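K.L.:
coords please:
(chains A and B)
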2 protein chains.
Amino acid sequence: MRDLSRNAALQARAQNVIPGGMWGHQNTAALPPFYPQYFARAKGCHLWDVDGNRYVDFVCSWGPIILGHGHEAVEEAARAQAARGDCMNGPGEVMVELAELFVATIAHADWVQFKKNGNDATTSAVTIARAGTGRRKVLVAEGSYHGSAPWCSPSLLGVTAEDRAHIVSFQYNDVESLSRAAERAKGDLAAILVTAFRHDLARDQEMPDPAFAKAARAISEAEDAALIVDDVRAGFRLHPAGSWEPLGVRPDLSTWSKAISNGYALAAVTGNDRFRAPAASVFSTGSFWTASVSMAASLATIRTVLSEDAVGHMTGLGEKLRGGLDGLSRRFGIPIRQTGPVQMPMLLFGDDPDHRKGFAFCAAAISEGVYFHPTHNMFLSAAHTEADIDQALEAAACGFRAVQALHALAAE
Amino acid sequence: MRDLSRNAALQARAQNVIPGGMWGHQNTAALPPFYPQYFARAKGCHLWDVDGNRYVDFVCSWGPIILGHGHEAVEEAARAQAARGDCMNGPGEVMVELAELFVATIAHADWVQFKKNGNDATTSAVTIARAGTGRRKVLVAEGSYHGSAPWCSPSLLGVTAEDRAHIVSFQYNDVESLSRAAERAKGDLAAILVTAFRHDLARDQEMPDPAFAKAARAISEAEDAALIVDDVRAGFRLHPAGSWEPLGVRPDLSTWSKAISNGYALAAVTGNDRFRAPAASVFSTGSFWTASVSMAASLATIRTVLSEDAVGHMTGLGEKLRGGLDGLSRRFGIPIRQTGPVQMPMLLFGDDPDHRKGFAFCAAAISEGVYFHPTHNMFLSAAHTEADIDQALEAAACGFRAVQALHALAAE
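P.N.:
Residues are numbered from 1 along each chain as shown, chains lettered A, B, ... in the order given. Alright, predicted model coming up:
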């Protein structure tokens, strides 16, 4: 058993000064045993917890780390900018360079605005769509995550009915359901807001059906509403020009964060010329939204993602991981489901409604130094290597053995 | 005339890729002529624009810079943390240290949660208050700024009526008006949300009347609602234990950002034990909210603010600035109004409804290398010196001469 005593001591101290000891999705209370809450350092695709245990990281800080922790080109760009200035009375020249790179890279984008949280971007996109259309209703897929603001949080605690008054739900990838939702909003439809692919918590991922994507585009055009693709989680891991570009469907607005700056706090809304004037008119701002260091980091991150074909690298290793896990599943006779893009792996077990198998698997793997997640999609980075995948598969074998032990227990 | 050609070239490029060339409060479109949009570097209380012009800074990045740009202790703490790790799968040990420092420093605080934007904090505080009381109505002073989210933005473009359905307005410092608002919300009152002092755009600032603060506390107690003090803008410039501590009034919840980390993106909600359980239960999270570098910077910032009596330093220089400006006002025979705390100066001219005098004054001052603001409260930092105030007063003399010229023009 790994030593997690320093971690436990910090958790005990935190209980006094942070409600419940931790908030949100980074709270290990929702994770299997042996997951450390506190980290001491990170480099490449490795994390070290405060007790000195090392992990191969398949969560990548829940998405932001696309090139690996402490990537030299990104860190050098950030250090150089920090030596000059970060949060000033306005932006640095780097903002214009970064905006030009966004517009050059993202196929549908004629413009960009920068923010701090992914949820800043989704909220802004909805507000811009409402301003541009003069309408109120926004179609949102049931179960999709767009942030934790009251209008979109997965929890209703502290949320009023009015916060959701103009949200109309539909089923992801279900054209019929989307059409019915649009019909319900008819005459007042501001936007269809849809994640780049279906990556809801604790269920199989789904790539967007091309017919669904095209229907979303056609309905938003027929109703003169905005199509918003939320690329906060998937952005730059599927296709650098936008996750729906391979489908031939271009949104009016899209939202970005996570991977765009390899861990520096930054988010963005991009849009086409149709929504340029409303975007200029809507008031949306924040104290740190023009800070230069995160923009310098983003410039270095996106340039590296493009020049080193990070998507190709992650896809290759993702296929190796998926193939290896499928092989282990067959070897152990334990059915699993791997869904969605290989570079954002999702691993769920058959007949596992309470995730006991997933938890047993992940608890075993993390004890072997591999940080998987039992219910959330995972992430690869450009820093992962074949050797890291090999190590992950060895840990996964321990995980399957743990699930086998559960089965044996259940059979008794 | 200063050269601003490089700035102008960047503005032209930005017009193509950013709607309107810039967003929000950092947009120089709302400022007098000669204000640069783009900055190249910053150190102490000085800024350099992209054309190499130097400014003594009285905006301090709109609040965050409390110790001066590039403060060595803060930067060293940030660099040391960055070398280990920033955005990881969870927080670093520094989060617990920082949370303990917040609870030890802020009088009413039994706990803290960290975020990125001030508006994240105000939204969370309102949500926690609603969760804790099971009620919906929030009393907000007319004209107070609490962020740009739809429920509180000063602009209604893209905002629906439902976003404000449970906001009930009152007049700041008006006990009668507050009582009437509470009466309107009776039985459904979740919170009174109030800025630390009245610092609305383009109007005289007002310190909170002690009777008003006590009434806000008494009403929230009588109605079993939360008193939320929004200390995002004033926090750590008035009193490190909380801006209402000198009034003897402790809120249930308070919100923080700006000055808490000297320019690093960070925000916080603090609360008392009454709201600990709701805070633990409300779902509020963000990709970068556990990042360690901004927390290491905050730890160094708050320790320095406390150990070097930054409030005392800013107050002393603020008095010198206010006295000097009053002297110039008398010398030139041009009436001005200086209101609110001296360390957050607000300078408005008599009989200046369209701010033409303020604009002329500020345009002249910035041409002399002093960055004042005509309609927004300003900020001092611990990096300002007597010599900087002297230089500011010389530039202010040029400003008064410009206003005199306006008067002469008007008299013709």
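K.L.:
For chain B, what's its nearest residue on the stretch 201-350 of chain A.
P.N.:
A:T285 (2.6 Å; CB to the nearest CB). The way it works is simple: take the backbone N, C-alpha and C, and place the C-beta from them, glycine included.
K.L.:
Pull the contacting residues for A:V282.
P.N.:
Residues counted as contacts of A:V282 (CB atoms under 8 Å, 6 or more residues apart in numbering or on different chains) are A:124, A:127-128, A:131, B:155, B:157-158.
K.L.:
Least confident secondary structure element in chain A?
P.N.:
helix A:386-411 (a mean of 95; mean pLDDT, DSSP states H and E).
K.L.:
tally of neighbours for A:L101?
P.N.:
Neighbour count of A:L101, defined by other CB atoms under 10 Å in any protein chain shown: 17.
K.L.:
Skipping adjacent residues, who's closest to it in space?
P.N.:
Spatial nearest neighbour of A:L101, chain neighbours left out: A:I302 (5.8 Å); criterion: CB to CB, 6 or more residues apart in numbering or on different chains.
K.L.:
ok, that neighbour touching A:P240?
P.N.:
Yes: look at A:I302 against A:P240 with CB atoms under 8 Å: they come within range, at 7.5 Å.
K.L.:
Next, show the common contact partners of those two.
P.N.:
A:T105.
K.L.:
now the strands: where do they sit in the stretch 151-300 of chain A?
P.N.:
A:167-170, A:189-195, A:226-230, A:253-256, A:267-271 (DSSP state E, counting those that start in this stretch).
K.L.:
Point out the other helices and strands that the least confident helix or strand of chain A packs with.
P.N.:
strand A:54-57, helix A:310-332, helix A:356-367, strand A:370-371 (3 or more CB pairs under 8 Å, 6 or more residues apart in numbering or on different chains; DSSP states H and E).
K.L.:
that older thread, please convert the strands of the stretch 151-300 of chain A to JSON lines, extending it with mean neighbour count, distance to chain B and mean pLDDT.
P.N.:
Listed next are the strands of the stretch 151-300 of chain A as JSON lines, based on neighbours: other CB atoms under 10 Å in any protein chain shown; distance: least, CB to the nearest CB, whole Å; pLDDT from 0 to 100:
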{"stretch": "strand A:167-170", "mean neighbour count": "18", "distance to chain B": "10", "mean pLDDT": "98"}
{"stretch": "strand A:189-195", "mean neighbour count": "28", "distance to chain B": "9", "mean pLDDT": "99"}
{"stretch": "strand A:226-230", "mean neighbour count": "30", "distance to chain B": "11", "mean pLDDT": "99"}
{"stretch": "strand A:253-256", "mean neighbour count": "30", "distance to chain B": "11", "mean pLDDT": "99"}
{"stretch": "strand A:267-271", "mean neighbour count": "30", "distance to chain B": "8", "mean pLDDT": "99"}
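K.L.:
In JSON lines: the helices and strands packed on helix A:386-411, plus distance to chain B, mean neighbour count and mean pLDDT.
P.N.:
Listed next are the helices and strands packed on helix A:386-411 as JSON lines, based on distance: least, CB to the nearest CB, whole Å; neighbours: other CB atoms under 10 Å in any protein chain shown; pLDDT from 0 to 100:
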{"stretch": "strand A:54-57", "distance to chain B": "7", "mean neighbour count": "22", "mean pLDDT": "98"}
{"stretch": "helix A:310-332", "distance to chain B": "17", "mean neighbour count": "18", "mean pLDDT": "98"}
{"stretch": "helix A:356-367", "distance to chain B": "11", "mean neighbour count": "23", "mean pLDDT": "98"}
{"stretch": "strand A:370-371", "distance to chain B": "7", "mean neighbour count": "24", "mean pLDDT": "98"}
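K.L.:
okay, now the nearest residue to A:R356 once chain neighbours are set aside: neighbour count?
P.N.:
Once flanking residues are discounted, A:R356 sits nearest to A:L406: 6.5 Å by CB to CB, 6+ apart. Neighbours of A:L406 under the rule other CB under 10 Å: 18.
K.L.:
quick one, what contacts A:L406?
P.N.:
A:356-357, A:360.
K.L.:
do A:R180 as well
P.N.:
Taking CB under 8 Å, 6+ apart as the test, what A:R180 contacts is A:F170.
K.L.:
any idea how far it lies from A:S169?
P.N.:
10 Å (CB to CB, to the nearest Å).
K.L.:
Pull the number of nearby residues for A:P91.
P.N.:
25.
K.L.:
Which residue, other than its chain neighbours, is closest to it?
P.N.:
Nearest non-adjacent residue to A:P91, counting by CB to CB, 6+ apart: A:T290, 3.9 Å away.
K.L.:
And that neighbour, how far from A:G85?
P.N.:
Taken as CB to CB, the span from A:T290 to A:G85 is 11 Å.
K.L.:
Equivalent analysis for A:L253, please.
P.N.:
With distances taken as CB to CB, A:L253 is found 31 Å from A:G85.
K.L.:
who's in contact with stretch A:298-313?
P.N.:
Here stretch A:298-313 makes contact (CB under 8 Å, 6+ apart) with A:66-67, A:71, A:73-74, A:76-78, A:94, A:97-98, A:101-102, A:105, A:236-240, A:259-262, A:264, A:266, A:343, A:381-382.
K.L.:
Same question for it: list its buried residues.
P.N.:
For stretch A:298-313, the neighbour count (16 or more other CB atoms under 10 Å in any protein chain shown) marks A:298-302, A:304-305, A:310-311, A:313 as buried.
K.L.:
Okay, helices next: where are they in chain A?
P.N.:
Along chain A, the segments classed as helices by DSSP state H run A:5-17, A:72-84, A:93-105, A:118-133, A:175-184, A:210-222, A:276-281, A:292-307, A:310-332, A:356-367, A:386-411.
K.L.:
quick check: mean pLDDT across the fifth one?
P.N.:
Confidence over helix A:175-184 (mean pLDDT, whole number) is 98.
K.L.:
Look up which residues are beta-bridged to the residue nearest to A:A216 when sequence neighbours are not counted.
P.N.:
Leaving aside its chain neighbours, A:A216 sits nearest to A:I192 (5.2 Å; criterion: CB to CB, 6+ apart). Residues in a beta bridge with A:I192, per DSSP bridges, are A:L139, A:L227.
K.L.:
Surely A:I192 is in contact with A:D230?
P.N.:
No: contact between A:I192 and A:D230 fails when scored by CB under 8 Å: they sit 10.7 Å apart.
K.L.:
Low-confidence bits of chain A, can you list those?
P.N.:
A:1 (pLDDT under 70).
K.L.:
Go again with 80.
P.N.:
For chain A, the stretches with pLDDT under 80 are A:1, A:412.
K.L.:
give me every residue that touches the residue nearest to the spatial centre of it.
P.N.:
The centroid of chain A falls nearest to A:R233 when counting by CA atoms, centre = their mean (2.4 Å). Under the criterion of CB under 8 Å, 6+ apart, the neighbours of A:R233 are A:63, A:118, A:145, A:195-196, A:199, A:258, A:344, A:377.
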